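Q: Sharing a model prediction with you, sequence too.
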Amino acid sequence: MALDFAFLDSGTGGLPYMKALLELKSDVSCVYVGDTKNFPYGEKSESQIIQKASECVSRIIERWNPKTIVIACNTISVTALDKLRERFPETPFVGTVPAIKPAALFSKTRKIGLLATNATVNHSYTKRLISDFASDCTIISRGDPDLISFIEHRAFSASEEEKEEAVRPAVDFFADAGCDVIVLACTHFLNVAEVFKTVAEGRALIVDSRDGVSRHALEVEKKVLNPEEEDPSGKIAEREELLKTEPDATTLAGSIREAHKPSLYVTGFTKAGDEEIYRTFCKNNGIEFGGVM
C-alpha cells in the first residue's frame with residue numbers, strides 16, 4: 001500500500017505540521033523525514049538547498065511512494081518547491097511559506113516581525129509575499145540560526161525557563177521595534193510556539209501556517225483519492241493507478257509500520273549522542289523512530 005503523506009524538513013522542525021494534520025484526520029498514514037545529515041538548510045546556498053532536497057525527495061518516493069509530500073520547511077519551500085514539482089511531476093507537493101498574509105490582517109501597528117532562517121529572510125519569494133500581501137506594512141526581519149540549532153538539539157530536554165530565555169531575545173527584538181505580530185517562519189520555531197506566546201504575551205501576537213498547510217494537504221489528498229471529481233485531464237487518476245502497484249519487499253518492509261503509527265526517519269547523525277536525542281524526541285512526541293533512512 002502507498003503511504004498517504006511524507007513530510008520533509010532539514011530536521012525535526014516540521015513535526016508540528018504532521019501532528020496538526022493528524023489532529024484533523026487521524027486515520028492517514030504518515031512518515032516524517034528530517035535531513036539531519038545536512039542540517040541546517042538555512043545557511044546553505046540556493047543550489048545546495050535544491051540539490052539536497054531533491055535527493056531526499058527521490059529517496060522518499062523510491063521507498064514509500066507517498067500520495068502527497070508536504071515540504072514542512074519554509075526554506076525548502078521558498079527556495080526549491082518549484083524545482084521539486086518540475087523534477088517529480090507525478091507527485092503532489094504542499095509547501096509551507098511564511099504566514100505574511102494573516103499577519104497583515106491581524107497587525108494594527110502595521111509593523112510585522114518575520115523570524116526565519118537567513119535563507120528565507122533573504123529570498124525573493126519572501127519579498128514577493130510581502131509585496132503581494134503586506135505592502136502597507138513595515139516588515140522587521142530576523143534570521144536566527146542559533147535559536148534554530150537550540151531547538152533542534154536542546155529544546156526537547158531544556159526546562160521551560162531555558163526555553164523562554166532562548167526565545168526572549170527574538171521577541172524583545174521585535175517588540176522593541178514596535179511589531180504587534182510575529183511570524184514564525186521557520187518550522188523549528190513551532191516546536192516552542194507556546195513558549196513564544198508566553199514570552200510575547202501582551203506585546204505581540206504569534207502566528208504560523210500550521211492550520212492552513214494541514215487543511216490544504218488534506219484537500220490535495222482528497223483530489224488524489226477522488227480524481228474523477230476535479231481531474232478532467234486524467235493525470236491524477238493515472239497517478240492513483242500507479243499508487244495501487246504492489247510495492248517491492250524493501251518498500252513493504254519499510255512502510256507497514258508507518259501505516260499504523262507515524263514514524264520519524266533521519267538521514268544521519270552529525271554529533272555524538274544525536275541518535276539518543278532523536279529517540280527521546282520521538283518518545284516524547286508519541287511517534288516511532290525509524291532510524292537512518
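A: Received it, and whenever you're ready, just let me know what you need. Numbers count the residues shown, from 1 in each chain.

Q: ok, for Thr109, nearest residue in space, not its chain neighbours?
A: The shortest distance from Thr109 to any non-neighbouring residue, by C-beta to C-beta, 6 or more residues apart in numbering, is to Asp180 (4.5 Å). Bear in mind the C-beta positions are built from the backbone N, C-alpha and C, glycine included.

Q: The one you found is in contact with Ala204, isn't it?
A: Yes: counting by C-beta atoms under 8 Å, Ala204 is a contact partner of Asp180 at 5.5 Å.

Q: the more surrounded of these two?
A: Using other C-beta atoms under 10 Å as the criterion, Asp180 and Ala204 rank with Ala204 on top: 23 against 19.

Q: For that one, list the residues it contacts.
A: Gly113, Val171, Phe174, Ala175, Cys179, Asp180, Val181, Ile182 (C-beta atoms under 8 Å, 6 or more residues apart in numbering).

Q: The residue nearest to it when sequence neighbours are not counted in helix, strand or coil?
A: Nearest non-adjacent residue to Ala204, counting by C-beta to C-beta, 6+ apart: Ile182, 4.9 Å away. At Ile182 the chain is in strand, as set by DSSP: H, G, I helix; E, B strand; the rest coil.

Q: So what sits opposite Ile182 in the bridge?
A: Gly113, Ile206 (DSSP bridges).

Q: Helices along the stretch 151-293 of the chain, start to end?
A: 160-176, 193-200, 210-225, 227-230, 235-243, 249-255, 274-285 (DSSP state H, counting those that start in this stretch).

Q: sorry, back to before: check contacts around the residue nearest to Thr109.
A: With contacts defined as C-beta under 8 Å, 6+ apart, the neighbours of Asp180 are Phe106, Ser107, Lys108, Thr109, Lys111, Arg203, Ala204, Leu205.

Q: Select only the buried ones of these in ChimeraX?
A: Buried members of those, defined by 16 or more other C-beta atoms under 10 Å, are picked up in ChimeraX with:
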select :107,111,204,205
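
Q: Mind putting the contacts of Asp180 into a markdown table with pLDDT?
A: As requested, the contacts of Asp180 are exported to a markdown table (pLDDT from 0 to 100):
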| residue | pLDDT |
| --- | --- |
| Phe106 | 97 |
| Ser107 | 98 |
| Lys108 | 97 |
| Thr109 | 97 |
| Lys111 | 98 |
| Arg203 | 97 |
| Ala204 | 98 |
| Leu205 | 98 |
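
Q: Can you tell me how far the most centrally placed residue in the chain is from Val121?
A: Taking C-alpha atoms, centre = their mean, the centroid of the chain lies closest to Ala72, which sits 1.7 Å from it. As judged by C-beta to C-beta, to the nearest Å, Ala72 and Val121 stand 19 Å apart.

Q: Once you drop chain neighbours, what's closest to Asp289?
A: I think there's a mix-up here, since residue 289 is Phe and not Asp. Counting by C-beta to C-beta, 6+ apart, Phe289 lies nearest to Cys282, which is 4.1 Å off, once chain neighbours are set aside.

Q: tally of neighbours for that neighbour?
A: Residue neighbour count, defined by other C-beta under 10 Å, stands at 20 for Cys282.
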